[in-house]
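Participant: Return a 3D structure for these sequence lines:
(2 chains)
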Amino acid sequence: MNDEELIAGVRRTFERYHSSIAAQPWRRGMNRETASSDRAKGGRRITRSLAARGLALVALASLLAGAFIWVQAPTGTASSVFAGWQRVPTAADPSLLQWALQNCPITGALRTHPTTLVLQDQRGKAAYFVFAEGDNFSTCLGADPQGRGGMAKGGGSFTHPGDPIEWSGGIAGWGDESWIDVVGRAPGAARVEIVRTDGVVVEASVRSPLFAAWWPGKAWITEIRALGADGHVLASLKSFPPAHWSLPPGP
Amino acid sequence: MDVADSRGQPGEFAAFYAAALDPTYRAVLLVTRHQARAEDAVHEAFARAYERWDEIRSHPSPTAWVIRVALNVHRTSWRIWRRENPDPPEVAVVDELPIDSLLVRAVWRLPRRQRQVVALRVLLDLSSAQTAEALGMSAGAVGSHLHRALATLRSSLGAMGYQETPG
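Facilitator: Residues are numbered from 1 along each chain as shown, chains lettered A, B, ... in the order given. Model prediction:
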C-alpha cells in the first residue's frame, strides 16, 4: 500500500465521524443581522447572563452548604493551589461558587451539558462543582479566584441507574500537580466514604443521591462506602478498574 | 443557512461553518481521542471565530485558525482524564471495508504529534506551512512526523493482520 492509498484510507474511515453539535455559534443571543461590534458583544452578553444567574443562585450556596459536613482536619498539602485541602469538606466559599457559576457552565452551555448546580465540594481554597441533570453530569474544579484562578472541567453520564453505588472518577492535571475526582450516586446514603490506596478515608460531599469528592495527588480508590444516617454500611464497592496514570496529551 | 452578515449578504460565516464543522471535528477527535472534548473544543473555537469573523474571514486559512484555537481550548480547559476509552468511538458503518476498522484503530494509537499532523495534513488537507503554523513546529518537522506516521500505520496494519489483496 503506497502513501496515497493509505492517506485515502484514513480520510475515508474518518469521514464516518460526524459532529453531534446542535447549537450554532450565531445562536448565542445574537440578532440575525448583526454588526461586528454586536458579535463581539455576544460573548459578553452570555457572561452577564451567567453572572446574573450566578447572583440569583448565590442563595443556593447556603442551601448546599447545609449538605456538607464541616470538620476541620489537619491534612492539607503544601501545594499552593491545593493548600488547605481537607479529607472532609469545609464550608462552601460563596465567592468561589459565584466564580464557578460564571465560568464553569459556559462551555457546557454550548452543548448539552447539565448546568444545574447540585454540589460544591469545598476543601480549603479549592472547590469541586457538580452540575447534574438526569443521568448526565459535568464537573469543574476552581481554586482561589482572587489569586491563581483557573479551572478544569469534565463530564459524563451515569450508565447503571439502580446500582447501590455508581461512580465515575479520574485524574486531572493542574499545572504540574495532579488531582483525583470521584462523582457518583448512592441512593439512600446519608454519608459516603472513599478509602484511598494510601489508607486515607475521604468523606464525600453528599446531596442524595449524588456524592462527590476530590483530592490532590495520585492515590487511587480502593473502596467506596455508602452509609446510612446511623453510620451502618448500606453498600460497599471494592472493585475498581486500574487507573491510567498519565495526564491527557496536550498539543 | 439563514445567517446574514452586516450588509445583509448570505451568511458567509454560516457557509464556512457548514463546510468546516465536520472536518474540523474529525481532526480534533483524532487528536483528543474523546468525542465530548472534541465537540466542546470545536464548538468553542467556532464561537470565537464567529465573534471575530470580520478579522478571521481574511485569514489565509480560517480552518487553520479554528483548529489551532480548538486545540488550545482542549489543552488549557479540558485537563480531566476520565476512564478513557482506549478505542475509537463506535460509528454506524454501512459499507465497511476490511481495512477500515484496523486503520482507524491504528491511527488512534499514533503518538500525539503524529496524530496532530495526520489530523491537519490528511483530514483537513492543510498545507505543510499551515500545519506547521497551527502546531507551532517547522514545515520540516511536519513532513517528518507525517512520514513516520504513515510508516507506523503501514507497520501497524501488518501487525494487525491486514494483508493486501493482489490486484
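
Participant: which helices and strands does the one helix or strand A:Leu141 maps to pack with?
Facilitator: Under DSSP states H and E, the secondary-structure element containing A:Leu141 is strand A:136-143. The helices and strands touching strand A:136-143, judged by 3 or more CB pairs under 8 Å, 6 or more residues apart in numbering or on different chains; DSSP states H and E, are helix A:94-103, strand A:126-133, strand A:151-157, strand A:166-174, strand A:177-185, strand A:210-216. Where C-beta positions appear, they are placed from N, C-alpha and C, glycine not excepted.

Participant: Mind listing the strands that strand pairs with, and their directions?
Facilitator: According to DSSP bridges, the neighbouring strands of strand A:136-143, each with its direction, are strand A:126-133 (antiparallel), strand A:151-157 (antiparallel).

Participant: Out of those strands, which gets the lowest mean score?
Facilitator: Confidence, taken as mean pLDDT, is least for strand A:151-157 of those (a mean of 62).

Participant: one step back: got a markdown table for the helices and strands packed on strand A:136-143, with mean neighbour count and distance to B:Gln35 too?
Facilitator: Converted to a markdown table, the helices and strands packed on strand A:136-143 look like this (neighbours: other CB atoms under 10 Å in any protein chain shown; distance: least, CB to CB, whole Å):
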| stretch | mean neighbour count | distance to B:Gln35 |
| --- | --- | --- |
| helix A:94-103 | 20 | 23 |
| strand A:126-133 | 24 | 19 |
| strand A:151-157 | 20 | 11 |
| strand A:166-174 | 20 | 16 |
| strand A:177-185 | 23 | 19 |
| strand A:210-216 | 25 | 23 |
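
Participant: could I get those as TSV with distance to B:Val104?
Facilitator: Output for those, formatted as TSV (distance: least, CB to CB, whole Å):
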stretch	distance to B:Val104
helix A:94-103	35
strand A:126-133	32
strand A:151-157	23
strand A:166-174	24
strand A:177-185	30
strand A:210-216	34
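
Participant: Pick out the shakiest of these, pLDDT-wise.
Facilitator: By mean pLDDT, the lowest-scoring of those turns out to be strand A:151-157, with a mean of 62.

Participant: where are the low-confidence patches of the stretch 101-250 of chain A?
Facilitator: In the predicted model, the stretch 101-250 of chain A carries pLDDT under 70 at residues A:103, A:105-113, A:144-156, A:159, A:172-177, A:241-250.

Participant: can you pull out the strands in chain B?
Facilitator: Assigned by DSSP state E, the strands in chain B fall at B:80-82.

Participant: sorry, back to before: which of the helices and strands packed on strand A:136-143 sits closest to A:Val200?
Facilitator: Taking CB to CB as the criterion, strand A:210-216 is the member of the helices and strands packed on strand A:136-143 that comes nearest to A:Val200, at 7.8 Å.

Participant: The next helix or strand after that closest one: partners in the sheet, and parallel or antiparallel?
Facilitator: Past strand A:210-216, further along toward the C-terminus, the next helix or strand under DSSP H and E is strand A:221-227. As defined by DSSP bridges, the strand partners of strand A:221-227 come to strand A:191-196 (antiparallel), strand A:233-237 (antiparallel).

Participant: Name the surrounding residues that touch the first one.
Facilitator: Going back to what we said before, that points to strand A:191-196. Contact partners of strand A:191-196, identified using CB atoms under 8 Å, 6 or more residues apart in numbering or on different chains, comprise A:69, A:182, A:184, A:186, A:201-204, A:206, A:211, A:213, A:215, A:219-227, A:229, A:231.

Participant: ok, A:Asp161 - contacts?
Facilitator: That one is not Asp; residue A:161 is Pro. A:Pro161 neighbours (CB under 8 Å, 6+ apart): A:135, A:185.

Participant: Can you tell me the SS state at it?
Facilitator: Assigned state for A:Pro161: coil (three-state reduction, DSSP: H, G, I helix; E, B strand; the rest coil).

Participant: how far away is it from A:Gly184?
Facilitator: Distance, A:Pro161 to A:Gly184, using CB to CB, to the nearest Å: 12 Å.

Participant: repeat for B:Ala18
Facilitator: From B:Ala18 over to A:Gly184 the distance is 40 Å, taken as CB to CB.

Participant: ok, now B:Leu153?
Facilitator: For B:Leu153, the distance to A:Gly184 equals 39 Å [CB to CB].

Participant: center of chain B, which residue is that?
Facilitator: B:Ala27 (1.0 Å; CA atoms, centre = their mean).

Participant: so that one sits right up against B:Leu124, yeah?
Facilitator: Yes. B:Ala27 lies in contact with B:Leu124 (CB atoms under 8 Å); the separation is 5.1 Å.

Participant: Need the residues touching each of these two.
Facilitator: Common neighbours of B:Ala27 and B:Leu124, counting by CB under 8 Å, 6+ apart, are B:Ile67.

Participant: hmm, which of the contacts of strand A:191-196 are the buried ones?
Facilitator: Under a neighbour-count criterion of 16 or more other CB atoms under 10 Å in any protein chain shown, the subset of these counted as buried comprises A:182, A:184, A:186, A:202-204, A:206, A:211, A:213, A:215, A:220-221, A:224-227.

Participant: How many residues are close by B:Ser138?
Facilitator: Using other CB atoms under 10 Å in any protein chain shown, B:Ser138 has 12 neighbouring residues.

Participant: residues in contact with it?
Facilitator: B:Ala132.

Participant: Grab the nearest non-local neighbour of residue 118.
Facilitator: As the question left the chain open, I've gone with chain A. Leaving out its chain neighbours, the residue that sits closest to A:Val118 by CB to CB, 6 or more residues apart in numbering or on different chains is A:Ala132, at 4.6 Å.

Participant: my bad, chain B
Facilitator: Excluding its sequence neighbours, the residue lying closest to B:Val118 (CB to CB, 6+ apart) is B:Ala149, at 5.1 Å.
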